[in-house]
Every structure is written in structure tokens, then in C-alpha cells.
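In: Need a 3D model of the following:
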Amino acid sequence: MEFVVKQIIVGEQKTYIVLQNENGPCPLLAISNCLLLRDSIALPAKNRNSRTITLEEIIGILANLALTKTDVASSFSLNEILTLMPSLARGLDVNVKFHAGVSGFEFTDQITAFDFFGVSLVHGWLNDPQDEMTANAIGGRSYNQLIEQQCLESDLRLELEGKEKEKEKEKEGEEGKEKLCTLAEELNTIHLVKTFLNSTRSQLTYYGLQELHGKLPTLSYSVLFRNNHFSTCFFNDESLFLLCTDEGYLTGNIVWEKLGDIDGDSEYVDGFFVAARVDGGGVNPFSEHDEDLAKAITESYADNVQGSGGGEDEHMAVGTMVAMPEEGGTGTGAEQLRSDETFVRNLVEQEQRAQQQQQQRVQQQQQQQQRVQQQQQREQQKSNCNIC
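Out: Down below sits the predicted model:
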């Protein structure tokens, strides 16, 4: 499997990132791009020149970094990490905890890889504790546990209907009435949970977005799980930005997507964090289908739980993104990116926009200084009049 390498500018620094194709292993690439932006790893010259890199080469770069991490806690087994990395290329199962903050995931061996490389895995799929009814309905359960509870709804309804018929025939005693109330409460809990899951299919809430802003360190890189994708993200103390790594962003000046809303009303910026045009080179082919994908995975998981009655399928998590390699060439994207003329033109445009922004800031400062001077002159004139 081969991926396209793109050169970008972040602030004043030129760096390289790896773009994701339709079936690319987004957990592995998100970790890699996070480390590339931190300068923890670097792509070899041959990959920078060819603007392509294979999956095996990515794993090799991460393996070399792992071998140098002698200061890692003893709880990490180097052999285990090296074994886990190829599995990240096939996908990653995550089980979100809605009550444990932005880092709330059920612990698995695969998540250990994030800790090993010092990359924080976060999410914003959190329930607002001020919504006490929903908070009580969710309790301390994870996503998988909520879905398993949802699968009991039809059986509970049938049981409730039977109890109600018995009540009509006056065959129910006190114990039967208590059972009736218990069934009604369980169904109400299921309804509240279903409403929460349906209203947060993007796997991000306003409360969760607020928590991300409050918990992420300033000027930090991490990996955000949302819409069943793993995205490299950057927080600059004011806004959260997602690195645009889909091959749809191969050309053009788009580098980041500003995550300022939960409803997909995106704002795209360039490497200087200046608003960028969304043209033919800046369209994410997955964006229109993300919520449908989350819903489909949810339904698939529910079917597995209902049909299996146990076994491995019970632990299949919401974040499973299985990467199925496609045979064939590198695609037209790599050839387009190899064009030095296109890259230079984009670079010049970015630098020109940065200069324009700087000029605007200088003009604003000069205007502000003029207003201050004018205000001081008026105050001086008033003072002179008072003396007279």
C-alpha cells in the first residue's frame, strides 16, 4: 500500500505529511502525522523527493523511533508495540466512555501504542452533566454497553405488554406491579440513551467541544476520534484544527479544518491559519457520509450482538475502521504533487497572503495609534480651556 506525501507550511516551518486514501489506515497515519508535525520523526529524502511512501516504510520509521525510546516506562513492552503497529494499519477498535472526560476510552492493547509514542488520543463525545436525566440514563456505561442495552428493547417491550395484560385481568399482585414499574423505567432509560446517540451521530457534542478546549494543552498536537475517523489535531489556545489529510486536499492551499461547530459547518485555513478557498482541490469525499457511516457501524454492531449471543463480536467497538488495501498504482494524486511548478505557485500564494495579513495588521496598529493621539489632543485641548 502506497500513500502520497505532501509538503505543507505550518507557521513559518515547512514540513511533510502523509495523505490518506479511501481505505487508508487512519489511526497509524494520524499518529505518524502528529509525530511529523512535532519533528519527532522525519521522512527520508527519497520519500520527500518521490512524494510517496509505502505502509512498510511508515512502520519502519515508527519502529526506529520505538527503538530509541529508552526512557519509556517499564510497563511498555517494546516487542508488543512493534507487533501492534501492523495491526493499526488494519484498523483500531475503540470503546468510548461518555463520563470519563476527553481521554475516556476503554483500555486496549492497541491504544497502548498512542501512549508509547506520547500521542494523546481524545474525543469530544461527552454528555453534558447538566442534562441530569440523560446523564443518569447513561451512568458509567461505555458505548458498547449502551448498544447492548439497546438490543434488549424489543424483549422488554414484549414483557411489559404481557404484564399489562395480566394487570387488566387483575392477576397481578404487588410483586407484579413492582416488576411493571421496573420494566417501564428500563424502557425509559433505553429511550433517553437512544435519543442521545441519535442526536450525536457526529460523535461530538457542544459540551465535549468545550471540554477539549479546556483540557488540551496550548500549541499541542493530538489525535481526535470523531465520525469514526482518527484525525491529527492542533490546539492553539483559541481554536481546534484538524489536519486535512484526505487525498482530496492534495492540491490547493488547504491545510487545516477549523473545528468550531458540531454540525459540520467547516472553515478551512492554510498553513498560516488564514482562511483558504475551498475549490476543486479541497473537497473531502468522506464528509457527506460520515454520519451515515457512524449509523451503519452502530446498526452493524447491534446486529452482531443480537445474532451472536456472545463471543468476540460482543467486544467490537464503534471506532472500527478496517483498512482494506487496494491493488494498483499510486493514483493521479502523486503525479500532480510531483509538479514543482504547482507547489511553487501554491507556496507563493501562501506567502503573499501572509504578507497581506501582516500589512493589514500594521495598518490597523497605525490607525489605532492615530486614534489614541487624536484622543490625547482632544483631552489636552479640554484641559487648556479649563485653565482659561
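In: Does residue 3 lie in a helix or a strand, and which?
Out: Using DSSP states H and E, residue 3 maps to strand 2-10.
In: Run through the neighbouring helices and strands of that strand.
Out: Secondary-structure packing of strand 2-10 (3 or more Cβ pairs under 8 Å, 6 or more residues apart in numbering; DSSP states H and E): strand 13-18, helix 45-50, strand 52-54, helix 55-68, helix 332-337, helix 340-387. Quick note: C-beta positions are derived from backbone N, CA and C, even for glycine.
In: repeat that with 7 Å
Out: strand 13-18, strand 52-54, helix 332-337 (3 or more Cβ pairs under 7 Å, 6 or more residues apart in numbering; DSSP states H and E).
In: these two touch, right, residue 51 and residue 2?
Out: No - shown here, residue 51 and residue 2 do not form a contact pair, counting by Cβ atoms under 7 Å, at 10.7 Å.
In: higher neighbour count, those two?
Out: Between residue 51 and residue 2, counting by other Cβ atoms under 10 Å, residue 51 is the more crowded of the two (24 against 19).
In: Which stretches in the stretch 1-150 of the chain count as helices?
Out: 26-37, 45-50, 55-68, 78-88, 112-116, 132-138, 143-150 (DSSP state H, counting those that start in this stretch).
In: can I get those helices in a markdown table with mean pLDDT?
Out: What follows is these, written out as a markdown table (pLDDT from 0 to 100):
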| stretch | mean pLDDT |
| --- | --- |
| helix 26-37 | 94 |
| helix 45-50 | 94 |
| helix 55-68 | 88 |
| helix 78-88 | 78 |
| helix 112-116 | 86 |
| helix 132-138 | 91 |
| helix 143-150 | 87 |
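In: Which among these is found nearest to residue 96?
Out: Comparing these by their distance to residue 96 (Cβ to Cβ), the top pick is helix 143-150, with 4.6 Å.
In: Run through the residues that contact the nearest residue to residue 258 once chain neighbours are set aside.
Out: Of all residues not flanking residue 258 in the chain, residue 267 sits nearest, at 4.2 Å (Cβ to Cβ, 6 or more residues apart in numbering). Neighbouring residues of residue 267 by Cβ atoms under 7 Å, 6 or more residues apart in numbering: 258, 260, 275.
In: Would you list the buried entries among the residues you listed?
Out: Among the contacts of residue 267, those scoring as buried are residue 258 (criterion: 16 or more other Cβ atoms under 10 Å).
In: between the contacts of residue 267, which is nearest residue 147?
Out: Relative to residue 147, the closest of these is residue 260; by Cβ to Cβ it sits at 29.6 Å.
In: if I read this right, that closest one contacts residue 239, doesn't it?
Out: Yes - Residue 260 is within contact range of residue 239, at 6.3 Å (criterion: Cβ under 7 Å).
In: wait, doesn't residue 189 sit right on residue 139?
Out: No - counting by Cβ under 7 Å, residue 189 sits too far from residue 139 to count as a contact (8.8 Å).
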